[in-house]
Structures are given as structure tokens and as C-alpha cells.
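Trainee: This is a predicted model, with the sequence first.
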Amino acid sequence: MTDRLTIRRPDDWHLHFRDGDIMREVVPYTARQFARAIVMPNLTPPVTTSELGAAYRDRILAAVPDGVTFMPLMTCYLTDNTDADDLARGAAEGVFTAAKMYPANATTNSAAGVTDVEKLYPVFARMEAEDIVLCIHGEVTEHHVDVFDREKEFIERHLRAIVAAFPKLRVVFEHITTSDAVDFVMESGPQVAATITPQHLHINRNAMLVGGIQPHNYCLPVAKRESHRLALRRAATSGSAKFFLGTDSAPHLRSAKESACGCAGIFGAPFALESYLTVFDEEGALDRFEGFASLHGPAFYKLPVNEDEVTLERAEVAVPACLHVTGEEIVPWHGGQTLGWRFLG
């Protein structure tokens, strides 16, 4: 039995820091474990230009603790009116690593998102020509479509068409939640990959609804049936380079989660590696964890692998029931539970 695991320092390929006081207090949790992170642009107002992206990056870097090496990788929030020239310039100047497409009103702070996917085809063409990665929140938003079917519907209605129309465009299908998404990624060419969150590997939709409403298990896309969870676990632990780590860590204060209209999002950053590694341990796939956490993402994004290493050891770790951010409580993923691995750094 492996009791200690040393791997190249991982990166988080899908992450929310928010902004302001909350951002300044949550950045250290990610910087403690990860060398880099793809930072989502859904602020208020969103990060829609290279100027806004550079300014947001500077605010994040100012929050990194002294003596810690961490690099935020910025994304451009795509809208119906995205300036392709500014996006290309931002990518060329090293401001943007990728661009993010949110269907309008699909998730937190996505009201300014895309109302008609085909309106973005000229931008996609420019991204393909400039080799800029497209990150996609893959859900339709029409009210008549069941919330548990929105990812599958997006694949059939939009994603197949995007991949067919732009065969050289690198696409990351973000935080996938269904066997349909796993199948689509596996069937697609090498230009299509996906991130998988820790929560979607651990829970199915019962975790939100059984024994009363469980707001701290509520995120978007929502967790699906058990069959989908098992498909995600098989994909993550398969060793396929098409799947890599993306926590989708999304901090919301406890008061905002436990409310009449609770926010969607799970704050997974504080114990992210411990959470993922628990799954790989349960699946007998510890030898494949470094690929998922540290190698597949850099390869897809055409970035170097981190040179330094981190170590985790088999040991019980009690996750606090709550942490304090901006003087208020925030509930971390696995809050009040015990995990079987400890991050040593």
C-alpha cells in the first residue's frame, strides 16, 4: 500500500477567486497547493477586455503570500460583442491564456454571457487562427429544458457544431457532469478535453436533496445521477490525457448559501488535492494521479510542466466545519468530514 505520494506540483485548470476582500483571503488557499490556475472572468463587471484582465491579474498577484510562487492564468469573458482584435492582442501579450464562453444566465454572474452561440463564430475563427483555447460552460438555459438535461442538450445543440466548424480550435469542456460529456470528449479529436471537479467525483444529486435541502452541495452544473458520477470517476482515473483537474472552487459566504435563494458554488480550494486523491485511492489509481493533476493540463494548454514537487501522505485530516473569510463564515468542501490524505507541501 502506498502511504506517501510525491508528484509534480499541480495546476488548477478551472477556478473562481471572485474579487475584493473575498479574493484577497481565498487566493492563499489555492497558492498553497497549486502553481498556476485558470481564473474565471465572471466578475461584476466581467473581465471582457485585455485591460481588465491585466488589472485583475495584478490584484490576484498582490494577494499571493510572500515567499509563495503562484501564477494566475487569465481568461476573457466572451459576450455577443467581444472584440476579437483585443482578445488576440491580449493573448499575444500574455494577458489571456484562454477565453470563456458562458451561455447567458447559465451560472453565477453570467447575465452578460452569450445569447446566440453562432454570433461568436467569427470570434471562434480568430481564436482558431491564433491558437487561443476556448473554455466552455456547456449548458443550455431555456426554462423548458430540465436542469439535469442541460449539459446533454448543449452537446447536441451546440458543441458538436462548434467542434465540427472549427476542427483546430482547442476546446475545454469545463466541469463535466455526465456520461454524455465523457463520451463526447472521448469520441472527439485531440483538440477537445475536459476538466472534472472533486465534488462531481464524490456526490450525486441525492446529496443536494436527501434529508432536506443541502445548500453546500449545490453547484452549477448540478450533480447528476449515480451512473454519471461513476462515469466521471472512470474518466478521471483512466489515465486519458483528455481529462484533467479543475476544481471550479467558488467561494460564497455561508449566509449567501444558506438563504432563500442560495448561491451555486462549492469552495473546494482548501483541501482540493486531498479530495481528489481520496477518489484515486478508492479507485486503485494512485499511479495515475500525477497525470490528471500535474501533466495532462499543461500538455493541452501547451505550457511547461512545473519543476517543483508536492507530497501527500496517508493520514486522517479533519476538515473544519467552517472557515472565516472577511470576518464571516464560509463552508469548505468536505466541511466537518475526515479525509484520508494530508497535504505536506
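Mentor: Noted; the coordinates are in hand. Numbering: from 1, shown residues only.

Trainee: check contacts around the closest residue to Ala264 other than its chain neighbours.
Mentor: Once flanking residues are discounted, Ala264 sits nearest to Leu220: 4.2 Å by C-beta to C-beta, 6 or more residues apart in numbering. In short, each C-beta sits where N, CA and C put it, glycine included. Contacts for Leu220 (C-beta atoms under 8 Å, 6 or more residues apart in numbering) come out as 106-108, 139, 264-265.

Trainee: Would you confirm that Leu220 belongs to a helix?
Mentor: No. Counting by DSSP: H, G, I helix; E, B strand; the rest coil, Leu220 is not found in a helix; it is coil.

Trainee: Could you measure from it over to Val147?
Mentor: Note on Leu220: its distance to Val147, by C-beta to C-beta, to the nearest Å, is 9 Å.

Trainee: Please apply the same query to Ser227.
Mentor: Separation of Ser227 from Val147 (C-beta to C-beta) stands at 17 Å.

Trainee: now swap in Ala269 and tell me
Mentor: In terms of C-beta to C-beta, Ala269 sits 25 Å off from Val147.

Trainee: Any chance you could list what contacts the longest strand anywhere in the chain?
Mentor: The longest strand of the chain (DSSP state E) is strand 309-318. Strand 309-318 has contacts (C-beta under 8 Å, 6+ apart) with 1-10, 33, 271, 273-274, 277, 337-345.

Trainee: just how off-centre is it within its chain?
Mentor: How far strand 309-318 lies from its chain's middle: 22 Å, per C-alpha atoms, centre = their mean, to the nearest Å.

Trainee: Let's test this: mean pLDDT of it, rounded?
Mentor: For strand 309-318, the mean per-residue pLDDT is 97.

Trainee: got the buried residues for that strand?
Mentor: 310, 312, 317 (16 or more other C-beta atoms under 10 Å).

Trainee: Specify the beta-bridge partners of the last one.
Mentor: Val317 forms beta bridges with Leu339, as assigned by DSSP bridges.

Trainee: Just the strands from the stretch 201-345 of the chain, written as ranges.
Mentor: For the stretch 201-345 of the chain, applying DSSP state E, counting those that start in this stretch gives strands covering 243-245, 309-318, 323-325, 328-330, 338-343.

Trainee: now those strands as CSV including distance to Thr178?
Mentor: Shown next, in CSV, are the strands of the stretch 201-345 of the chain (distance: least, C-beta to C-beta, whole Å):
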stretch, distance to Thr178
strand 243-245, 14
strand 309-318, 29
strand 323-325, 31
strand 328-330, 28
strand 338-343, 26
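
Trainee: Of the ones you listed, which is nearest Ala293?
Mentor: Closest to Ala293 of the strands of the stretch 201-345 of the chain, according to C-beta to C-beta: strand 243-245, at 4.8 Å.

Trainee: Pull out the buried residues from stretch 225-232.
Mentor: Going by neighbour count (16+ other C-beta under 10 Å), the buried part of stretch 225-232 is 228-229, 231-232.

Trainee: So which residues make contact with that stretch?
Mentor: With contact meaning C-beta under 8 Å, 6+ apart, stretch 225-232 is reached by 148, 176-179, 182, 196, 200-206, 223.

Trainee: Got phi/psi on Gly20?
Mentor: phi 70, psi -140 (degrees, to the nearest 10).

Trainee: re earlier: let's see the ChimeraX selection covering just the buried ones among the contacts of Leu220.
Mentor: The buried residues among the contacts of Leu220 can be selected in ChimeraX (16+ other C-beta under 10 Å) with this line:
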select :106,107,108,139,265
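
Trainee: Return the closest of the contacts of Leu220 with respect to His296.
Mentor: Looking across those and measuring by C-beta to C-beta, the closest to His296 is Glu139, at 23.5 Å.

Trainee: My guess is the closest one contacts Glu151. True?
Mentor: Yes. Assessed by C-beta atoms under 8 Å, Glu139 is found in contact with Glu151 at 5.4 Å.

Trainee: who touches both of these two?
Mentor: In contact with both Glu139 and Glu151: Pro221, using C-beta under 8 Å, 6+ apart.

Trainee: can you map out the helices along the stretch 1-150 of the chain?
Mentor: Remark: helices assigned in the stretch 1-150 of the chain by DSSP state H, counting those that start in this stretch are 20-33, 50-63, 84-92, 121-130, 150-154.

Trainee: which strands and helices sit next to the shortest one?
Mentor: Packing contacts for helix 150-154, counted by 3 or more C-beta pairs under 8 Å, 6 or more residues apart in numbering; DSSP states H and E, involve helix 179-187.

Trainee: Nice, that's everything, thank you.
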